[in-house]
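>>> Please work out how this folds:
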Amino acid sequence: MTKMNKKTEATMNDKDDQSSSIGNNISIPTLDLGDPDAAQKLAAIGRNVGFFYLEGHGLSPDYIDSVFAASKALFDLPLEEKTKLSDHTMSRGYTAMQEETLDLANQTEGDTKEGYYIGRDVPVGDPRYDPAKLRGPNQWPESSLLPSFQPIMEDYHSRATAVAMRVVRLFALSLGLEETHFDADFEECVATLRLLHYSGRPSDPDKGIYACGAHSDYGMATLLLTDKNPGLQIYYQEEWIDVPPRPHSFVVNLGDLLEVWTNGIYKSTLHRVLTKAPCDEDRYSIPFFFDPVYETVVECLETCTDASNPPKYQPTTAGRYLISKYEGTHADFQQDTTPGQP
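Presented below is the predicted three-dimensional model:
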């Protein structure tokens, strides 16, 4: 895919352009789900910056704070307890500090963050169980350690899914399609909640040290919650631009598969995280990756091509693309290729 060429070009320029301030009067747009013109505004965002703040989502500040509190409690567990929760074949549960390297061309070591993946919970024995397609059980800490963690995260996963589906339907409308055009592609989708904890170690791009290396997200869209600490940047108009934190609002970015679907009309924007010195406290964020059903064929939409604009990308499937990205960025990911029941 040409996405990798764009990534390489942008990150190779990283050592020459370390700007982290807003440039050229650029700001991140805001979209309200209750705005009657939301679809039209989303069309402009998709063609331009590919990132926006999302408001009107219906989640209260107190509720969001409770999700962050549960995330912090998980990462406060002893390392011995956290490592018990790793599932390398399903990419679920705990991932250790520096286990992930998202910018292989420029990083000299892994991201200075640890994470915890939560997906759709499919128990072993369920007819849908299929580890080869990332359909399996989550890894949960013992209830004696964190009694409220699992119910909080399961509830948030459900609520985030509902918000993300509203965004997907806006994407359809913004592309001149029926509102329900993508619904079937998300009935049993790959919806992955990830908790992230960044260490206070300062990033140093000149030495290849990043809190989170430069990358574009892989799927349809990502809904991100952040705390009050800065660090997120996007690569736009040939410079790195800060995305100021806005607690209790989502930061939404478009993913690679949406760029393929739209024939490059909508942009999957390169982004990264830098931890800046002095670091008074660690940073926490909670991305929610909303991606199509594993078997979904992703190819140019009819409304995104004509005689003067032929398809630019080879068709792919959502699952094939996601697995290829996991294999390239997670040091301990080992896909289980055994289909169906164990």
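>>> Low-confidence stretches in the stretch 201-342 of the chain?
Low-confidence segments of the stretch 201-342 of the chain, defined by pLDDT under 70, are located at 278, 326-342.
>>> in a strand, that's where residue 193 is, yeah?
Yes - residue state for residue 193 (DSSP: H, G, I helix; E, B strand; the rest coil) corresponds to a strand.
>>> In this structure residue 148 contacts residue 67, no?
No - taking Cβ atoms under 8 Å as the definition, residue 148 is not a contact partner of residue 67, at 10.8 Å. Using the backbone N, CA and C atoms, a C-beta is placed for each residue, glycine as well.
>>> Next, the contact list for residue 224, please.
Going by Cβ atoms under 8 Å, 6 or more residues apart in numbering, residue 224 touches 232, 250, 251, 252, 253, 285, 286, 287, 288.
>>> and the two most separated of those residues?
Spanning the widest gap among the contacts of residue 224 are 232 and 288, at 15.0 Å by Cβ to Cβ.
>>> Sheet-wise, list the partners of the helix or strand that contains residue 252 with their directions.
Element membership of residue 252, judged by DSSP states H and E, is strand 250-254. Strand 250-254 pairs in its sheet with strand 51-55 (antiparallel), strand 221-226 (antiparallel), by DSSP bridges.
>>> one step back: so which of residue 148 and residue 67 has more stuff around it?
residue 67 (20 against 12; other Cβ atoms under 10 Å).
>>> Okay, the closest residue to the more buried one other than its chain neighbours and residue 30: tell me how far apart.
Nearest non-adjacent residue to residue 67, counting by Cβ to Cβ, 6 or more residues apart in numbering: residue 156, 5.0 Å away. Separation of residue 156 from residue 30 (Cβ to Cβ, to the nearest Å): 22 Å.
>>> In terms of neighbours, single out the busier of these two.
Using other Cβ under 10 Å, the more surrounded residue of residue 156 and residue 30 is residue 156, with 22 against 15.
>>> host element of the more buried one?
Remark: residue 156 resides in helix 149-174, with elements defined by DSSP H and E.
>>> Return the list of helices and strands in contact with that helix.
helix 38-47, helix 61-75, strand 190-198, strand 221-226, strand 283-291 (3 or more Cβ pairs under 8 Å, 6 or more residues apart in numbering; DSSP states H and E).
>>> List the buried residues of it.
Within helix 149-174, the residues that count as buried by 16 or more other Cβ atoms under 10 Å are 149-150, 152-153, 156-157, 159-161, 163-165, 167-174.
>>> what's the average pLDDT for that helix?
Across helix 149-174, pLDDT averages out at 98.
>>> what's the angle between that helix and strand 190-198?
Going by axes from the mean of the first three to the mean of the last three Cα atoms, to 10 degrees, helix 149-174 is angled at 120 degrees with respect to strand 190-198.
>>> what distance separates helix 149-174 from the centre of its chain?
On the basis of Cα atoms, centre = their mean, to the nearest Å, the separation between the geometric centre of helix 149-174 and that of its chain is 13 Å.
>>> so residue 178 makes contact with residue 172?
Yes - checked against Cβ under 8 Å, the pair residue 178 and residue 172 is within contact range at 6.4 Å.
>>> Quick one: end-to-end distance for stretch 136-155.
18 Å (Cα to Cα, to the nearest Å).
>>> List the contacts of it.
Residues outside stretch 136-155 that contact it (Cβ under 8 Å, 6+ apart): 66-67, 70, 73-74, 77, 81, 85-87, 90, 92-94, 118-119, 121-124, 129-130, 193.
>>> picking that back up, gap between the helix or strand following the strand holding residue 252 and the chain center?
Following the chain from strand 250-254 toward its C-terminal end, the next helix or strand by DSSP H and E is helix 256-261. How far helix 256-261 lies from its chain's middle: 14 Å, per Cα atoms, centre = their mean.
>>> Other residues contacting helix 256-261?
Outside helix 256-261, the residues that reach it (Cβ under 8 Å, 6+ apart) are 1, 3, 46, 171, 216-221, 266-268, 291-292, 298-301, 304, 313, 316, 318, 321.
>>> show me where pLDDT drops low in the stretch 51-200 of the chain?
In the stretch 51-200 of the chain (pLDDT under 70), no residue qualifies.
>>> Quick one: the helices in the stretch 201-342 of the chain, in order.
When secondary structure is read from DSSP state H, counting those that start in this stretch, the stretch 201-342 of the chain shows helices at 256-261, 318-329.
>>> With residue 276 as the reference, name the closest of those.
The closest of those to residue 276 is helix 318-329. By Cβ to Cβ, the value is 23.5 Å.
>>> Which positions within stretch 300-316 qualify as buried?
Neighbour counts using 16+ other Cβ under 10 Å place 300, 301, 304, 305, 313, 316 of stretch 300-316 among the buried residues.
>>> In TSV: those, plus distance to residue 237.
Shown next, in TSV, are the buried residues of stretch 300-316 (distance: Cβ to Cβ, whole Å):
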residue	distance to residue 237
300	26
301	26
304	23
305	26
313	23
316	28
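>>> of all those residues, which comes closest to residue 109?
Minimum distance to residue 109 across the buried residues of stretch 300-316 is 30.5 Å, recorded for residue 316 (Cβ to Cβ).
>>> How much space separates the closest one from residue 119?
Shown here: residue 316 relative to residue 119, a distance of 21 Å by Cβ to Cβ.
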